[in-house]
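Q: Show me the folded form of this:
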Amino acid sequence: MAKLIVLILAGVVVYLVLKNYLRRVQRGHEQGTSNAESMVRCAKCGLHHPRSESLLSDGKYFCSPEHEQQARHSR
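A: Reported below is the predicted structural model:
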């Protein structure tokens, strides 16, 4: 009889742990999609990178200060 009670309690614990884990995983996926950042293309080399890490000059995005300067000097 004691073995049956222990087995039932173990099953309940496993169920609760899995339920909590799946809830956290699903919550993480929902948060991950809302934090997506748009990507832009460097006008010099064509590299795609996050908009927050790019340089904007004359309406064009650049991946580095060197590419921005090269584009300015080639005009």
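
Q: Quick one: distance of the helix or strand of the chain with the lowest mean pLDDT to the chain centre.
A: Within the chain, no helix or strand scores below helix 2-34, which has a mean of 88 by mean pLDDT, DSSP states H and E. With C-alpha atoms, centre = their mean, to the nearest Å as the basis, helix 2-34 stands 25 Å off its chain's centre.

Q: Next SSE downstream of it?
A: Where DSSP states H and E defines the elements, the next helix or strand beyond helix 2-34 is strand 39-41.

Q: ok, residue 67 touching residue 41?
A: No - Residue 67 is not in contact with residue 41 according to C-beta atoms under 8 Å; the separation is 11.5 Å. Where C-beta positions appear, they are placed from N, C-alpha and C, glycine not excepted.

Q: domains in the chain, as residue ranges please.
A: The chain is divided into the following domains under automatic domain parsing: 1-36, 38-75.

Q: Could you save those as JSON lines and add columns showing mean neighbour count?
A: Below are the domains of the chain laid out as JSON lines (neighbours: other C-beta atoms under 10 Å):
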{"stretch": "domain 1-36", "mean neighbour count": "9"}
{"stretch": "domain 38-75", "mean neighbour count": "14"}
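
Q: I'd say residue 51 and residue 42 touch.
A: No - Residue 51 is not in contact with residue 42 according to C-beta under 8 Å; the separation is 11.6 Å.

Q: Mutual contacts of those two, please.
A: residue 61 (C-beta atoms under 8 Å, 6 or more residues apart in numbering).

Q: Enumerate every residue touching the closest residue to residue 47 other than its chain neighbours.
A: Spatial nearest neighbour of residue 47, excluding adjacent residues (C-beta to C-beta, 6 or more residues apart in numbering): residue 63 at 4.8 Å. Shown in contact with residue 63 (C-beta under 8 Å, 6+ apart): 42, 44, 45, 47, 49, 53, 54, 55.
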